[in-house]
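A.B. asks: predicted model, plus sequence, below.
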Amino acid sequence: MNIWLELALDTLRDPKETAQKIMGWNLDRSTLYMALFAVAAINVLLASAPVILATGEVDPELRAALPILGLLERPLIFFALVAGTLVVMIQALYWAGRAMGGQGSLGEMMALLIWLQAMRAMAQFIILALGLITPALSMLAALVLQIVALWLFLHFLSAALRFDSLFRAFGLLIAVAAGLVLGLMLILSLMGVSAGGLTHV
């Protein structure tokens, strides 16, 4: 446990150097996919916990405003969506980055982004605990998390593709994110997410 906590602190202190250390592990593909599914499952659990534990279901009014919240009541579908999106995002970032002149391997990209997802899960757990004590502090921590997460993501993305500038990583992120959002909207529409929420068949 101390090793992982130390690695997390190193990530915050020097993300570029930590990225080089993680890429040096040379993890095989099967290990990477097992880690990916594990962090996806943990993130789904942490995302669903505040809503499901409080009422047992998503509030109908809240679901009407944000139809995607209906997925919180279907953890297996939510897990498949999160894990699938992560796999697609890694592939999209890697191949789009290569098209922009990036180097590196797909395995290195996977290792770095999986570690970021693991750190995100740790941060979500802390925010969830803070929410039980003081919701206002929890909301502030969530905002700080988004800013720090973006900063770390750009450093790791730049390291994975051997970019010489964070601006190139940011441009790649914007382009891929736009494509993923459009794709996600299409997938959700095919899954039955409509203005009225997640339909049941």
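C.D. replies: Structure received.

A.B. asks: would you mind pulling the contact partners of stretch 15-35?
C.D. replies: 7, 10-11, 104, 107-108, 110-112, 114-115, 118, 151-152, 155-156, 158-160 (Cβ atoms under 8 Å, 6 or more residues apart in numbering). Where you see a C-beta, it was placed from the backbone N, CA and C, and this is true even at glycine.

A.B. asks: first vs last residue of that stretch, how far apart are they?
C.D. replies: 20 Å (Cα to Cα, to the nearest Å).

A.B. asks: hang on, the earlier thing: list buried residues within the contacts of stretch 15-35.
C.D. replies: Neighbour counting by 16 or more other Cβ atoms under 10 Å classes 11, 104, 107-108, 110-112, 114-115, 118, 152, 155-156, 158-160 among the contacts of stretch 15-35 as buried.

A.B. asks: can you flag which of the residues you listed belong to helices?
C.D. replies: Of those, the ones assigned to helices by DSSP state H are 11, 107-108, 110-112, 114-115, 118, 152, 155-156, 158-160.

A.B. asks: so who does the closest residue to Leu173 other than its chain neighbours touch?
C.D. replies: In space, and not counting its chain neighbours, Leu173 is closest to Leu157: 6.6 Å by Cβ to Cβ, 6 or more residues apart in numbering. Counting by Cβ under 8 Å, 6+ apart, Leu157 makes contact with 93, 97, 112, 163, 169, 172-173.

A.B. asks: poorly predicted segments of the chain, please.
C.D. replies: Along the chain, segments meeting pLDDT under 70 span 1, 49-73, 188, 191-201.

A.B. asks: for Ala141, see how far away the spatially most central residue of the chain is.
C.D. replies: The centroid of the chain falls nearest to Gln117 when counting by Cα atoms, centre = their mean (5.0 Å). Between Gln117 and Ala141 the distance is 18 Å, computed by Cβ to Cβ, to the nearest Å.

A.B. asks: repeat that for Trp4.
C.D. replies: 20 Å.

A.B. asks: who's more crowded, these two?
C.D. replies: Ala141 (16 against 12; other Cβ atoms under 10 Å).

A.B. asks: so the more buried one sits against Ile126, correct?
C.D. replies: Yes: the pair Ala141 / Ile126 is scored as a contact, 7.1 Å apart, by Cβ atoms under 8 Å.
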